[in-house]
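structure, please.
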Amino acid sequence: AFSMLGAGRTAGFFYDGTVVKNIGSLGGANVYVGGLNDAGQVAGTSLNGHGFENAFVWSAGGGMLGIRGAAGGRSYGLAINRRGVVTGSFSHTPDDAARPFRWSAASGMEDLGLAPGLPWPSAGRVLNDGGLIAGVATIDDEQTHAFAWTRSGGTLAIDTLGSVESAPVAVGAGGEVAGNRLASFDDGGDRPFLWTRAGGMVDLGTGRGTTAWVNAMTPGLHIAGGIGYADGRQRAMSWTRAGGMRELGTLGGRTSVARDVNARGQVVGFAEDRAGAMRAFVWSASGGMLDLNRALHRTPPGLVLEQALSINDSGIIVANSNAGLVLLKPGGGHAGEHHGGHLLGPVLAPASVTVGARLDARVGFLDGDGTGTRSVNWSWGDGSARQAGKLRESGGAGTASASHGYAAPGVYELVVTVVDRDGRSTAVSHRVEVTES
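Below is the predicted model:
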């Protein structure tokens, strides 16, 4: 599940393994996805018809259901667990301070209350399947302090180290909370922590660097994130109870950062190669760091995986590329067949052109389901009629090309849409700046 900005609005989408679906809205223009669980339920925030934010839970069978505490107030859905429990924040009126909530279909919305010593506004940010919710209270409109909530224990401030700022990132299966803290304003940067009810907050250190941070944690307490150095270098980081903090290296450049980790110990993120280009990676203790671009069996021309965003326990990866989001599945097939339709590379065209000059553009694609290609449509973003262009396809791979001249200066979004014979479409865009000659 993801949000995407286009045509001046942000929309929410759900990919079911074959088709991308727009999940709709609660009447307003913008929808922000906050979380997804294994049952296909999506939590997030949508503007309603009055322009106020409302938390929601969505499923393919039930559609979008608004979650709010009182008529006229605001609410924000930030996370959902496997049992369909949602957490976030709400207010009774648009101007009230935010309060953390727990919502389920059985109990409705519950106000989590205020942790002793912490003020409003507050928000639940992450939760586990056992019911523990971790969140933040905001101090002086700037700094945040972490709290935890359980049904039996209520709301508890968990920053026992006296940090000037702290925030949770993930919750473990046993009720542990991992996050980031700022020890003092002159400390140099964030430090990762792990909290338990028995032991309180423990600072995990910064390795050989001057700062470190958590980006993700598995229910079994495998942490992934980054380590920063005084000279500006960054290194992807892994932490476990058994092995402590470990740097994961780079692909030959100065910088790498881990974005996610799964229960099998696979870590994904981005790293610079020797040329300084950002590339998506997967890391394991046995195999080290691998450039995911080198692991693909077959790709459209020009496709580059720039950053791996998440990985599940089956090893399936969502990555950002120069052509948009890509789903990567391990196995012996090629990338296109995992897409359920066509896999497009980036639009190969100049980034700028003068008024009246011919802009030549082309795109390569793979036919993932073997149905063939029905059509390719080129939309130039200037109000001109769509264009079919030229299409060549052989053996499941193809290219499409077209040309256009812009009549006025400006910034235009060129969109190429490839449609297969079953009617499914895939699009990729390219921004063009048109200047006076």
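
need the phi and psi values for the closest residue to Gly302 other than its chain neighbours.
Distances taken as C-beta to C-beta, 6 or more residues apart in numbering place Gly345 nearest to Gly302, at 4.6 Å, with adjacent residues excluded. The way it works is simple: take the backbone N, C-alpha and C, and place the C-beta from them, glycine included. In terms of degrees, to the nearest 10, the main-chain angles of Gly345 are phi -90, psi -180.

now do Arg294
phi -80, psi -10.

now the one 4 residues further on
Main-chain torsions, Arg298, degrees, to the nearest 10: phi -160, psi 130.

number of residues surrounding it?
By the other C-beta atoms under 10 Å criterion, the neighbourhood of Arg298 contains 13 residues.

the one 10 residues further on too?
Using other C-beta under 10 Å, Ala308 is surrounded by 27 other residues.

is it bridged to anything, and to what?
Ala319 (DSSP bridges).

from Gly398, how far out is it?
With the distance defined as C-beta to C-beta, to the nearest Å, Ala308 ends up 27 Å from Gly398.

repeat that for Gly243.
As for Gly243, its distance to Gly398 is 47 Å (criterion: C-beta to C-beta).

give me the more crowded residue out of these two.
Gly398 (20 against 10).

got the phi and psi for the more buried one?
Residue torsions, per degrees, to the nearest 10, at Gly398 are phi -150, psi 170.

correct me if wrong: it contacts Arg362.
No - at 10.6 Å, Gly398 and Arg362 do not qualify as touching, with contact defined as C-beta atoms under 8 Å.

just give me the neighbour total for the nearest residue to Pro300 once chain neighbours are set aside.
With C-beta to C-beta, 6+ apart as the measure, Gly345 is the residue that lies nearest to Pro300, at 3.2 Å, once sequence neighbours are left out. Gly345 sits with 21 neighbouring residues when counted by other C-beta under 10 Å.

tell me who's in contact with Gly345.
Taking C-beta atoms under 8 Å, 6 or more residues apart in numbering, we find Gly345 in contact with Thr299, Pro300, Pro301, Gly302, Leu303, Ala323, Val363, Gly364, Phe365, Val428.

against Ala55, how distant is the nearest residue to Gly49 once chain neighbours are set aside?
Take Gly49 and drop its neighbours on the chain: the residue closest to it by C-beta to C-beta, 6+ apart is Gly27, 3.3 Å away. Distance check for Gly27 against Ala55: by C-beta to C-beta, it reads 14 Å.

straight-line length of stretch 10-25, end to end?
Start-to-end span of stretch 10-25 (C-alpha to C-alpha, to the nearest Å) is 10 Å.

mean confidence for that stretch?
Stretch 10-25 shows an average pLDDT of 93 in the prediction.

ok, now which ones touch the residue sitting nearest the centre point of the chain?
With distances taken as C-alpha atoms, centre = their mean, the chain has Leu309 as the residue nearest its mean C-alpha position (6.2 Å). For Leu309, the set of contacting residues under the criterion of C-beta under 8 Å, 6+ apart consists of Arg259, Asp260, Val268, Ile317, Val318, Ala319, Asn320.

neighbouring contacts of the helix or strand of the chain with the lowest mean pLDDT?
Ranked by mean pLDDT, DSSP states H and E, the helix or strand of the chain with the weakest confidence is strand 342-344, at a mean of 87. By C-beta under 8 Å, 6+ apart, the list of residues contacting strand 342-344 from outside reads 299-300, 303, 323-324, 326, 335-336, 363-368, 373, 416, 418, 420, 424, 426-428.

show me which of the residues you listed are buried.
299-300, 303, 323, 326, 335-336, 363-368, 373, 416, 418, 420, 424, 426, 428 (16 or more other C-beta atoms under 10 Å).

compare the contacts of Leu309 and tell me which is most surrounded.
Val268 (27 neighbours).

over to that residue: give its phi and psi.
In terms of degrees, to the nearest 10, the main-chain angles of Val268 are phi -130, psi 160.

how far away is the residue nearest to it when sequence neighbours are not counted from Thr240?
Among residues not flanking Val268 along the chain, Ala308 sits closest, at 3.5 Å (C-beta to C-beta, 6+ apart). Between Ala308 and Thr240 the computed distance is 20 Å (C-beta to C-beta).
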